[in-house]
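Visitor: one predicted model, sequence on top.
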There are 2 protein chains.
Amino acid sequence: MTEAQSDDAYLLRPVGRVLSPLTDAASAPRQGDEGAPDAWLVFDPQVERALGDVRVGAELLVLTWLDRARRDILTVHPRGDETRPESGVFSTRSPHRPNPIGLHRVRVLAMDGLRVRVADLEALDGTPVLDVKPVLGAAGER
Amino acid sequence: MTEAQSDDAYLLRPVGRVLSPLTDAASAPRQGDEGAPDAWLVFDPQVERALGDVRVGAELLVLTWLDRARRDILTVHPRGDETRPESGVFSTRSPHRPNPIGLHRVRVLAMDGLRVRVADLEALDGTPVLDVKPVLGAAGER
């Protein structure tokens, strides 16, 4: 490989959706540990086996597609604060970025079949879920 | 929103590529802190401004598209160890999953324009880079 090649593209297919009382980006917390309400992750039947070992109490990373974000924004004022100088989005957690993938650390509160109740998720209602991963422990515990 | 809707799809466009001595999945470490060599992230000129505030020493999360993974695998033996029972992929860090997005915590060693030298990246040579985010500090430091 000798240079960046940007003409490829890849198709994401959501595996579920967020069901949350948060419907408005302006009033949503900026991070999940800054006052997000509990929410449901509602998974598609096709991924039931992928979900089969998720347990109450687990700490998970949820990846979402931030479908209300803009992909053409490369610099922002951090946390929307115009008194702070603009910063490249790769140095911020702004939802606006070329591939608007959200990364959320959540805790599982309850399981109900294809529905998973989680704490600390700041994603808006209807946000597509792309992937779920466990939080990694120390190397010896993997 | 009343139910999961899986008929939507979203198009990812890579913002760069991994340049690494790792070319073979069988010999790559399973996590970046398990002996990965240093690697370059080579970004496309279109995202130069997004990259503008990344500095040497920064701890970053790099999101990649694991283009050699399988999307039809829903359960795996953790870490490929067949003595361990199969587990749903949402409870593992297996690259094989419906949306094979890789999540890598790296440290910036050097910057050279659109090229960023990083430690602890286990992704294979040529892997598309999707996004870069800062590791979040404590809530008071944001």
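Guide: Thanks, I have the structure now.
Visitor: ranges for the strands of chain A?
Guide: A:10-12, A:16-19, A:39-43, A:59-65, A:75-76, A:87-88, A:101-112, A:115-119, A:128-134 (DSSP state E).
Visitor: format those as TSV; extra columns: mean neighbour count and distance to B:Phe43.
Guide: Any C-beta I mention is one placed from the backbone N, CA and C, and that applies to glycine too. Formatted as TSV, the strands of chain A follow (neighbours: other C-beta atoms under 10 Å in any protein chain shown; distance: least, C-beta to C-beta, whole Å):
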stretch	mean neighbour count	distance to B:Phe43
strand A:10-12	16	17
strand A:16-19	24	30
strand A:39-43	24	32
strand A:59-65	20	21
strand A:75-76	20	15
strand A:87-88	19	11
strand A:101-112	18	16
strand A:115-119	20	33
strand A:128-134	23	22
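Visitor: save the ones you listed as TSV, and put in mean pLDDT too.
Guide: Below are those laid out as TSV (pLDDT from 0 to 100):
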stretch	mean pLDDT
strand A:10-12	96
strand A:16-19	98
strand A:39-43	98
strand A:59-65	97
strand A:75-76	96
strand A:87-88	96
strand A:101-112	96
strand A:115-119	97
strand A:128-134	97
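Visitor: reformat these as CSV; add distance to chain B.
Guide: Listed next are those as CSV, based on distance: least, C-beta to the nearest C-beta, whole Å:
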stretch, distance to chain B
strand A:10-12, 4
strand A:16-19, 5
strand A:39-43, 5
strand A:59-65, 5
strand A:75-76, 5
strand A:87-88, 4
strand A:101-112, 5
strand A:115-119, 9
strand A:128-134, 4
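Visitor: of all those strands, which one is nearest A:Asp53?
Guide: strand A:128-134 (9.3 Å; C-beta to C-beta).
Visitor: not counting that closest one itself, show me its contacts.
Guide: For strand A:128-134, the surrounding residues in contact (C-beta atoms under 8 Å, 6 or more residues apart in numbering or on different chains) are A:12, A:14-18, A:41, A:43, A:50-51, A:54, A:58-65, A:67, A:101, B:8, B:10, B:90-93, B:97-99, B:101, B:103.
Visitor: A:Val135 against A:Leu103, yeah?
Guide: No. Using C-beta atoms under 8 Å, A:Val135 makes no contact with A:Leu103, being 11.5 Å away.
Visitor: between these two, which contacts overlap?
Guide: What both A:Val135 and A:Leu103 touch, as defined by C-beta under 8 Å, 6+ apart, is the set A:Leu61.
Visitor: measure A:Gly35 to A:Ala110 for me?
Guide: 20 Å (C-beta to C-beta, to the nearest Å).
Visitor: can you pull the pLDDT of A:Ala138?
Guide: Looking at A:Ala138, its pLDDT reads 62.
Visitor: A:Arg107 touches A:Arg117, doesn't it?
Guide: No. With contact defined as C-beta under 8 Å, A:Arg107 does not count as touching A:Arg117 (9.8 Å).
Visitor: start and end of stretch A:41-54, how far apart?
Guide: 12 Å (C-alpha to C-alpha, to the nearest Å).
Visitor: hang on, I meant stretch A:89-96
Guide: So stretch A:89-96: terminal residues 7 Å apart, C-alpha to C-alpha.
Visitor: cool, stretch A:17-36 as well?
Guide: Termini of stretch A:17-36 sit 17 Å apart (C-alpha to C-alpha).
Visitor: with stretch A:38-58 instead?
Guide: OK, stretch A:38-58 end separation, C-alpha to C-alpha: 15 Å.
Visitor: go on, stretch A:49-56?
Guide: Stretch A:49-56 end-to-end distance (C-alpha to C-alpha) = 17 Å.
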